[in-house]
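> Sequence first, then the predicted structure, then my questions.
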Amino acid sequence: MQTFMNFLDTALFIHDKPNIQKFYLGIDESFDESRVNRWITTIMKRKVEEFGLFVKSLNPSSIFPLSFITCNSWTLLDLGFYIKTEFKIPYSISFPKLKILRLNGLSFVNKNSRNFFSNCPILEELSLSYCSISEGLCIVNPALKHLSISSYRLLNNSSVEISAPDLLTITYRGKLPPDFALNSFQSLVEAVVDFYIDDDEEYDYLGKVFVKLFEKLSSATLLKVCTYSFLADILLTNLPPFNNLTHLEVRSKLILWSLNVDTVRRFFRFIQILPNLKSIVFGQRIDIPEEEYDECWELDPKSSLPRLKSIIFKVFEGQPEELNAVKLFLKYAGVLESLTIEASYWLSTDHQLDVTKLLLTFPRPADCVVKYLTSTPNA
């Protein structure tokens, strides 16, 4: 490691080189903190545009120079901390040229997040992963186009406020906050919502938060959701129609033994407010009860899924409830052109063959092609 640090000293301090465009560095406890500080100071003087720093087992307060928070050359800043690192946001922070900001492992210990993100006037992409905040997350930035919040810890029942009217993509993965304060995203193209629930007591507020979030996502053309989205006991009249939505992806299992039949029913009521839906992907298993026992089969064939042309079932296990789901979509998606089943590699060859034969007996729309993709455990 000493050899590498000597090399950087030579490259940065001795050689008379022009401005540096990109500088990425990963450091751990074997690095000298004062030397890292000098390296960062030097690259700032060299007008570095893209800077990535990934820190393991070092005190970040000693490696960043004071001028770091007002550097006017950053266009991309990527900071990752393997150990949760506290960051008190100063009021003076400002990145006038920053377009991309990625933060991983930071703990914001004061309530200046609004000031932080607002002082990046041309910020287009913001990613917060494994971060936490104790005073509420506030993102107000009219230039923002892409936002990703993953595994974010909101302490002390903190809320989330997002004001980014020109947002194109939004990803939220983690625990839902007690409240969302969102403006409309009229330009939204893609939304990913993947949240988890700690206990049943959270269901009391889940419906209200779910509606507040999803009504702001109704302009999206692509929506990826987890099955927890349909646990809330809400009336779909609370949601506007998703008139722009053409592609829906359900990323987790929609199965009866881990959820309940009401959850599956809510999913089918939800797709009734997607009038222009063209494709669905089930990332994992989906179960449907037998026809004579469930209202999922009581859809209006004349108005259900009028534009749905493609369905993909992934990790297909060949269970009777899964086959019911296939039959239901073949029955109600009148203009369906393609239904693809990707078999789970857990299925034996004989079971896959039996499923293939059974699929051939299902009624289907005249122009629909059913594809069954087999797999092997070693594939």
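Great, that's in hand.

> distance of the nearest residue to residue 49 once chain neighbours are set aside from residue 31?
Once flanking residues are discounted, residue 49 sits nearest to residue 75: 4.5 Å by C-beta to C-beta, 6 or more residues apart in numbering. Every C-beta, even on glycine, is put in place using the N, C-alpha and C of the backbone. Using C-beta to C-beta, to the nearest Å, residue 75 is found at 25 Å from residue 31.

> More neighbours: which of these two?
More crowded of residue 75 and residue 31, by other C-beta atoms under 10 Å: residue 31, with 22 against 16.

> Would you mind confirming that the more buried one makes contact with residue 5?
Yes - applying C-beta atoms under 8 Å, one finds residue 31 in contact with residue 5, separated by 6.8 Å.

> Now do the contacts for residue 48.
Listed by C-beta atoms under 8 Å, 6 or more residues apart in numbering, the contact set of residue 48 reads 19, 20, 21, 22, 23, 73, 74.

> I would like a ChimeraX command selecting only the buried ones among these, please.
Selecting only the buried entries of the contacts of residue 48 in ChimeraX, with 16 or more other C-beta atoms under 10 Å as the criterion:
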select :20,23,73,74
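
> Tell me the one of the contacts of residue 48 nearest residue 373?
If you rank the contacts of residue 48 by distance to residue 373 using C-beta to C-beta, residue 22 comes first, at 41.2 Å.

> For the nearest residue to that closest one once chain neighbours are set aside, give me phi and psi.
Using C-beta to C-beta, 6+ apart and skipping the chain neighbours, the partner closest in space to residue 22 is residue 50 (4.3 Å). Backbone torsions of residue 50, given as degrees, to the nearest 10, read phi -120, psi 120.

> Let me know how buried residue 50 is, in neighbour terms.
Residues near residue 50, counting by other C-beta under 10 Å: 17.

> Make 519 the starting number, not 1.
Okay, using 519 as the starting number, the last item reads as residue 568.

> For it, which residues are in contact?
When contacts are taken as C-beta under 8 Å, 6+ apart, residue 568 is in contact with 539, 540, 541, 542, 592, 593, 594, 596.

> now, which of these lie within strands?
Members of the contacts of residue 568 lying in strands (criterion: DSSP state E): 540, 541, 542, 594, 596.

> Could you find the residue nearest the spatial middle of the protein?
Geometric centre of the chain, nearest residue: residue 689, 3.4 Å, by C-alpha atoms, centre = their mean.

> tell me the contacts of that one?
Neighbouring residues of residue 689 by C-beta under 8 Å, 6+ apart: 665, 666, 667, 668, 709, 710, 712.

> do the same with residue 735
Residue 735 makes contacts with 688, 703, 706, 709, 711, 741, 760, as judged by C-beta under 8 Å, 6+ apart.
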